[in-house]
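Student: predicted model and sequence below, questions to follow.
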Amino acid sequence: MAMRAYIRYGLVGVLAFVLGACGVVPAAEAPTATPAPTQAAQPTAAPPQPTAEPTTPAPTPVPNPQPAGGAIYYLDPDGVSVDKINADGSGQQLVYSDMTHSLGGPITYLGPVPGSKIQIMIIGAGQHYITASGGVSVDLGNFASPPRWSPDGWRVAGASVSVSGAPGPIRIFDRRERRSSELPVSGTPDWYPDGQHLVYAACDAEADSPGCNVYSYDLASGTSARLSELVSTADDRWWVQEAHVLPSGNAIIFYGNHTSQVGASGNGLQWWWMPLGGGESQLFSQNFGNGVNSYLTDPRSGLIAYSTRAHWSACASVGDIVVRDTSVEGDSARGEHPQLPGSDFEHDLFAAVLGMSWDPSGSGRLALGSQAYTCGAQDRQLQTPGVYIWESGNPAAAPRKLADGSFPVWMP
């Protein structure tokens, strides 16, 4: 398939831009240092005893009445502040600044905590993550990638960091108990809607049995089971980046493909689905990218959104956001593609998606961060990123800009 066919559904990879250091304190006060996070433990035959995580006091943000639609928190372009703005564009103000001492490095991620009834967000600096809510920040420790939240918003699960770079043992942190525990399985996890099971993608590195599959893990019994039937050989292995249970709870989707169907640049990955209990896989959503950056569900509106990337050149990737329903039936190519401001790859103008967050009220509105760039002789020429709102009720309209910034988190 021609490169442009792959690119049509691809998505720009998250830019490796350096954002400023951040921590959870108000602008008028000095930061309070937190203990440095420890590296995640290596795989063990059985999960160790839970260990307590540090909790750090942080000043409560100044109260501000919110109009209908809620407030959107986001990373300020200065890289060291977290601001907020109302969904109608009013009430822009500084919330937190100088989070360096809480995170131990520059901010690279802000994300929502779906299911939580309080205003809380997760903030990452490289592989180190904390939560911030009002006057308290909680150190979650290190994860290989942004962890996933349980349906009730109290527990987070993610792959721990390994020496090899592959996803390590799955670790769960409980915000109620301020404790984490490590499971005896490795991979990239997400939660079932019941909050009692995990679905995860794991790859076998053994030379005689290469390839990846999708598994489930029962938290009560401590047992795992293989769900997918992805057959790999030394010449044609399956690669799976991540897996999720659809909000309806009737099917599992995962992102990957045979290596024989993937180009030299990695373009050609797709979303597949299989029954909740496992079995044969079928095409769910056409994409042709080389990696997924973000996947979000909105149970109230019945929509999902995902952002992916696809290789374009040594400098550039082409980005895309896809918003669609969760039905496994029908045309796998369906879905809306919100316009990324500043992106026109036919004229060598590109954009990276820097975070997404659904309106928690279920309106079907999606907040997104986007940063446009061009390719210079030596490197990328970055423009100031922006925070936008896209309306699923008017999908052809360009996203409405709220402010300069990135990584929006739409609070309830």
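Tutor: That came in fine, so what should we check first? Numbering: from 1, shown residues only.
Student: could you measure Ser248 against Trp239, distance?
Tutor: For Ser248, the distance to Trp239 equals 26 Å [CB to CB, to the nearest Å]. Placement of C-beta: from N, CA and C, glycine included.
Student: leaving out the residues flanking it, which one is nearest to the most centrally placed residue in the chain?
Tutor: The structure's the chain has its C-alpha centroid closest to Ser294; by CA atoms, centre = their mean the separation is 3.9 Å. Leaving aside its sequence neighbours, Ser294 sits nearest to Ser307 (CB to CB, 6 or more residues apart in numbering; 4.6 Å).
Student: in which helix or strand would I find the one you found?
Tutor: Under the criterion of DSSP states H and E, Ser307 resides in strand 303-311.
Student: packing partners of that strand?
Tutor: For strand 303-311, the packing partners by 3 or more CB pairs under 8 Å, 6 or more residues apart in numbering; DSSP states H and E come out as helix 3-8, strand 282-289, strand 291-298, strand 317-325, strand 350-358.
Student: what about Ser248 and Trp239, which has more around it?
Tutor: Applying other CB atoms under 10 Å to Ser248 and Trp239 shows that Trp239 carries more neighbours, namely 19 against 15.
Student: state the distance from that one to Asn287.
Tutor: According to CB to CB, Trp239 and Asn287 sit 14 Å apart.
Student: and for Lys117?
Tutor: Relative to Asn287, Lys117 is positioned 33 Å away (CB to CB).
Student: now swap in Val231 and tell me
Tutor: As defined by CB to CB, Val231 lies at a distance of 22 Å from Asn287.
Student: who's more crowded, the two?
Tutor: Asn287 (29 against 11).
Student: ok, which stretches of the chain are helices?
Tutor: Per DSSP state H, the chain carries helices over the ranges 3-8, 100-103.
Student: lowest mean pLDDT across these, which one is that?
Tutor: Among the helices of the chain, helix 3-8 carries the lowest mean pLDDT, a mean of 34.
Student: longest strand of the chain?
Tutor: Within the chain, and with DSSP state E defining each element, the longest strand by residue count is strand 365-375.
Student: quick one, what contacts the residue nearest to the centre of the chain?
Tutor: 305-307, 353, 355-356 (CB atoms under 8 Å, 6 or more residues apart in numbering).
Student: so which of those is the closest to Tyr192?
Tutor: Distance to Tyr192, by CB to CB, is smallest for Tyr306 among these, at 18.8 Å.
Student: contacts only, for that closest one.
Tutor: Tyr306 is in contact with 271, 285, 292, 294-296, 321-322, counting by CB under 8 Å, 6+ apart.
Student: got those residues as a markdown table, with distance to Gly158 and pLDDT columns?
Tutor: Formatted as a markdown table, the contacts of Tyr306 follow (distance: CB to CB, whole Å; pLDDT from 0 to 100):
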| residue | distance to Gly158 | pLDDT |
| --- | --- | --- |
| Trp271 | 21 | 97 |
| Ser285 | 24 | 95 |
| Val292 | 15 | 95 |
| Ser294 | 14 | 95 |
| Tyr295 | 14 | 97 |
| Leu296 | 16 | 96 |
| Ile321 | 23 | 97 |
| Val322 | 24 | 97 |
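Student: Ser361 contacts Arg300, doesn't it?
Tutor: Yes - using CB atoms under 8 Å, Ser361 is in contact with Arg300, at 7.3 Å.
Student: run the angle between the strand holding Ser307 and strand 282-289 for me.
Tutor: 50 degrees (axes from the mean of the first three to the mean of the last three CA atoms, to 10 degrees).
Student: what's around His347, how many residues?
Tutor: When neighbours are counted by other CB under 10 Å, His347 registers 8.
Student: ditto for the one 3 residues further on
Tutor: A total of 25 residues lie near Phe350 under the criterion other CB under 10 Å.
Student: that one and Asp320, how far apart?
Tutor: Noted for Phe350: a distance of 11 Å to Asp320, by CB to CB.
Student: repeat that for Phe254.
Tutor: From Phe254 across to Asp320, the span is 18 Å (CB to CB).
Student: show me the shaky parts of the stretch 251-400 of the chain.
Tutor: Along the stretch 251-400 of the chain, segments meeting pLDDT under 70 are nowhere present.
Student: got a list of what the residue nearest to Val353 when sequence neighbours are not counted touches?
Tutor: Nearest residue to Val353, sequence neighbours excluded (CB to CB, 6+ apart): Ser307, at 4.3 Å. Counting by CB under 8 Å, 6+ apart, Ser307 touches 11, 292-294, 319-322, 353, 356.
Student: the same query, at a cut-off of 10 Å, please.
Tutor: By CB atoms under 10 Å, 6 or more residues apart in numbering, Ser307 lies in contact with 11-14, 289, 291-296, 319-322, 338, 340, 352-356, 368, 370.
Student: pairing partners for the strand holding Ser307, with directions?
Tutor: Here strand 303-311 is paired, per DSSP bridges, with strand 291-298 (antiparallel), strand 317-325 (antiparallel).
Student: first to last residue in stretch 172-189, what's the distance?
Tutor: Taking CA to CA, to the nearest Å, stretch 172-189 runs 10 Å from one end to the other.
Student: cool, and stretch 93-109?
Tutor: Terminal residues of stretch 93-109 are spaced 20 Å apart (CA to CA).
Student: follow-up on the earlier one: now the contacts of Ser294 as CSV including distance to Leu75?
Tutor: As requested, these are exported to CSV (distance: CB to CB, whole Å):
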residue, distance to Leu75
Ala305, 19
Tyr306, 21
Ser307, 17
Val353, 14
Gly355, 8
Met356, 13
